[in-house]
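> pasting the structure only:
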């Protein structure tokens, strides 16, 4: 039994290696995680120096002769190092994304399992709520929730988590519906296992593949939506080095030619989202060929 | 399907005021309202009655087109939204047209020349497109074409120096009606960058779906028959295959129109576009709850209408579908 498991793991790794875009996505994710964890060591400067170094404001980076030493990507309107803020931004965005997806997973799994396993009226009620929430673009719903619970990074994470819950619930439900009909579940019922035991020992472990796949893809959109809220001034507040908030603070200066402060945070968002999308698509092909579109 | 969604939405919008911290009457009246105004509002909306009665009163008002007054401007919210709707719709429509044209053509070319350099280029661009933060793309377009090259304006809907007579609120249409050539040119120039920014994500999605749907259709037997009976490749692809491949694409277009509204919130903010997207952001920032409520209802209504239109379109494009 043990030997068989090893070959299965080996097979998955082998299939993963063949998938170039998934490997590329994984590399991006590793870079992100590393810069989030070691931001203190990697970043050349303090992301939020106090008092602000206004004498350094909007200085270009390495491509120009006016560059400030040790600030290779230039400085923003308050004289802060753009590179350091982008590196620290990985910490903010990644943790915000993980918290949001975590919330969605926790509630989504509970709702999805109940709806899928028990069916009937509970299922109908949960799925109606999901349908209603699908009538809104995720970002708009998040904005509405922020309007109720207030602005700020922590609240933005909660809002995004709530918005993603129905999507997660729907994914879990369809997976549970599929597994529920399998013969081994029938066997469990026949030998008298309790519903709880069946759910935790058999249904949940077998629905893990779609959770990983969609969790990864969801992490990408969570980072994107969190940055969007920050950009609109409803998420992270200054001086937090959050990519979206950095953009909204610096894009008015492009008129005076200071393009760097608005360019690099956006690139960071783009590549993070791209990497996670590639990884998610790759994992889908590898873990669950049934889901391939 | 439509009725429960609209009803559910109305409950969400209604509870917005009640979930907001503090006394609902004060929430509706605004932070600086006098006690007299608050009392008047409490009486008018029946806020001293049970919640379901309040909901009934509120829903009755909404159905009569009365969504209350904005705290920030003291204008009727229905009026504020209707005034801004044409500008959002003009932007969304031009973005959608752009996305459909470019996206479906790119998808068809990719599918008919599968694994060619062109296919890889298009799909590579589309991959970036679906991961693109629209607000950043908007800023980059603005920077390159507005600030550095100075080809196009960077924000707003029309040059303020141009005399313009507003009739429908659709600036391009209004310019044509009044024969205002300068207005038309200006309106189009201001529309280009925001439309491109807003079109990116649906364009990428449409290109990918069109490609995979075309590939599926091109493998089918009737295509082989048509090629065998000597129809030109052009007729096979653009007449027979395309018509069949477009069915899933229409679904995606319908779904994306709703998402476009979310994109519009960001695009309008970047380009100072005076539409509903920007209005809802300002309303949230200013804690103008009645205005947020109005926008939520409006967006949901719009989304439901778009879905309805998508369903109707199926009948025309796919004769196999009948509604009884």
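Noted; the coordinates are in hand. Since the model is a prediction, treat every value here as computed from it, not as a measurement.

> can you tell me the centre-most residue of the chain?
Just so you know, I chose chain A. The centroid of chain A falls nearest to residue A:219 when counting by Cα atoms, centre = their mean (1.9 Å).

> chain B, not that one
Note: chain B centre (Cα atoms, centre = their mean) maps to residue B:261, 3.3 Å.

> which SSE is that one in?
Using DSSP states H and E, the element containing residue B:261 is helix B:242-270.

> and what of residue B:305?
With DSSP H and E as the test, residue B:305 turns up in helix B:289-317.

> quick one: that helix to helix B:242-270, angle?
Angle, helix B:289-317 to helix B:242-270, by axes from the mean of the first three to the mean of the last three Cα atoms, to 10 degrees: 160 degrees.

> helix B:289-317 near chain A anywhere?
Yes: applying Cβ under 8 Å from any Cβ of the partner chain, one finds helix B:289-317 touching chain A at B:289, B:292, B:296, B:299-300, B:303-304. The way it works is simple: take the backbone N, C-alpha and C, and place the C-beta from them, glycine included.

> re earlier: for chain A, see how far away the residue nearest to the centre of chain B is.
Applying Cβ to the nearest Cβ, to the nearest Å, the value for residue B:261 to chain A is 6 Å.

> pLDDT wise, what is residue 39 at?
With no chain named, the answer covers chain A. You'll see residue A:39 listed with a pLDDT of 88.

> not quite, I wanted chain B
82.

> is it in a helix, a strand, or coil?
helix (DSSP: H, G, I helix; E, B strand; the rest coil).

> count the neighbours of it for me.
Other residues lying near residue B:39 total 13 when counted by other Cβ atoms under 10 Å in any protein chain shown.

> not counting residues beside it along the chain, what's closest to it?
In this structure, residue B:39 finds its nearest non-sequential neighbour in residue B:25, 7.7 Å apart by Cβ to Cβ, 6 or more residues apart in numbering or on different chains.

> can you name every helix or strand that the helix or strand where that neighbour lies contacts?
In the assignment (DSSP H and E), residue B:25 maps to helix B:24-29. Judged by 3 or more Cβ pairs under 8 Å, 6 or more residues apart in numbering or on different chains; DSSP states H and E, the packing partners of helix B:24-29 are helix B:2-19, helix B:35-44, helix B:289-317.

> please repeat the previous calculation with a cut-off of 6 Å.
Packed against helix B:24-29, as judged by 3 or more Cβ pairs under 6 Å, 6 or more residues apart in numbering or on different chains; DSSP states H and E, are the following elements: helix B:2-19, helix B:35-44.

> give the next helix or strand downstream of the helix holding residue B:261.
Counting by DSSP H and E, the next helix or strand C-terminal to helix B:242-270 is helix B:276-285.

> got the angle for that next one vs helix B:242-270?
Using the same axes, to 10 degrees: helix B:276-285 against helix B:242-270 is 40 degrees.

> show me the contact partners of helix B:276-285.
Helix B:276-285 has contacts (Cβ atoms under 6 Å, 6 or more residues apart in numbering or on different chains) with A:143, A:147, A:232, B:84, B:88, B:264-265, B:268-269, B:291-292, B:295.

> got the phi and psi for residue B:131?
For residue B:131, the backbone dihedrals (degrees, to the nearest 10) come out as phi -100, psi 0.

> please name the residues that touch it.
Residue B:131 neighbours (Cβ under 6 Å, 6+ apart): A:273-274, A:277.

> figure out the helix or strand that the residue nearest to the centre of chain A lives in.
helix A:208-231.

> ok so, going back, for the helix holding residue B:305, which helices and strands make contact with it?
helix A:138-149, helix B:2-19, helix B:77-112, helix B:242-270, helix B:276-285.

> confidence-wise, which of those is weakest overall?
helix B:2-19 (a mean of 80).

> separation between residue A:283 and chain B?
Residue A:283 is 16 Å from chain B, by Cβ to the nearest Cβ.

> quick one: pLDDT of that residue?
88.

> kindly report the same for residue A:104.
The model's pLDDT for residue A:104 equals 94.

> hang on, the earlier thing: point out the most buried one among the helices and strands packed on helix B:24-29.
Comparing the helices and strands packed on helix B:24-29 on average neighbours per residue, with mean count of other Cβ atoms under 10 Å in any protein chain shown, the densest one is helix B:2-19 at a mean of 17.

> what's around the residue nearest to residue A:37 when sequence neighbours are not counted, how many residues?
Leaving out its chain neighbours, the residue that sits closest to residue A:37 by Cβ to Cβ, 6+ apart is residue A:91, at 7.8 Å. Using other Cβ under 10 Å, residue A:91 is surrounded by 21 other residues.

> same check, this time on residue B:21
By other Cβ under 10 Å, the residues close to residue B:21 number 9.

> chain center to the longest helix anywhere in chain A: distance?
The single longest helix within chain A, with elements called by DSSP state H, is helix A:82-118. Taking Cα atoms, centre = their mean, to the nearest Å, one finds helix A:82-118 lying 6 Å from the centre of the chain it belongs to.

> just stretch A:216-224 next, same as before
Relative to its parent chain, stretch A:216-224 has a centroid offset of 3 Å by Cα atoms, centre = their mean.

> can you list contacts of that stretch?
A:93, A:97, A:100-101, A:160, A:164, A:272-273, A:276-277, A:279-280, A:283, B:133.

> return the subset of those lying in strands.
Among the contacts of stretch A:216-224, no member is found in strands (DSSP state E).

> most neighbours among these, which one?
residue A:160 (33 neighbours).

> show me the contacts for it.
Neighbours of residue A:160 in contact, by Cβ under 6 Å, 6+ apart: A:100, A:142, A:222, A:225.

> how close does the first one get to chain B?
Going from residue A:100 to chain B by Cβ to the nearest Cβ gives 16 Å.

> so which bits of the longest helix of chain A are buried?
Buried residues in helix A:82-118, defined by neighbour count with 16 or more other Cβ atoms under 10 Å in any protein chain shown: A:82-94, A:96-101, A:103-105, A:107-109, A:111-117.

> the inter-axis angle of that helix versus helix A:138-149?
Using the same axes, to 10 degrees: helix A:82-118 against helix A:138-149 is 90 degrees.

> for helix A:82-118, packing partners?
Checking 3+ Cβ pairs under 6 Å, 6+ apart, helix A:82-118 ends up next to helix A:20-37, helix A:39-42, helix A:120-134, helix A:153-180, helix A:208-231, helix A:260-287.

> least confident of the ones you listed, on average?
helix A:120-134 (a mean of 81).

> ok now that one, how far from the chain's centre?
Centroid separation between helix A:120-134 and its chain, computed with Cα atoms, centre = their mean, is 25 Å.

> what residues sit buried inside that helix?
In helix A:120-134, counting by 16+ other Cβ under 10 Å, buried: A:123, A:126-127, A:130, A:132-134.

> for these, which one is nearest chain B?
For those, the closest approach to chain B (Cβ to the nearest Cβ) belongs to residue A:132, at 3.5 Å.

> quick one: that closest one and residue B:6 touch, right?
No: counting by Cβ atoms under 6 Å, residue A:132 does not reach residue B:6; the two are 9.1 Å apart.

> how about the residues of the stretch 151-293 of chain A near chain B?
Selection of the stretch 151-293 of chain A residues close to chain B by Cβ under 6 Å from any Cβ of the partner chain yields A:224, A:228, A:231-232, A:251, A:254-255, A:259, A:262, A:266, A:269, A:273-274, A:277.

> about what we covered before: tabulate the helices and strands packed on helix B:289-317 in a markdown table, adding columns for distance to residue A:34.
Formatted as a markdown table, the helices and strands packed on helix B:289-317 follow (distance: least, Cβ to Cβ, whole Å):
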| stretch | distance to residue A:34 |
| --- | --- |
| helix A:138-149 | 28 |
| helix B:2-19 | 40 |
| helix B:77-112 | 36 |
| helix B:242-270 | 29 |
| helix B:276-285 | 34 |
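
> identify whichever of these lies nearest to residue A:70.
helix B:242-270 (31.5 Å; Cβ to Cβ).

> next up, phi/psi of residue A:75, please.
phi -130, psi 160.

> ok, now how distant is it from residue A:231?
Between residue A:75 and residue A:231 the distance is 20 Å, computed by Cβ to Cβ, to the nearest Å.
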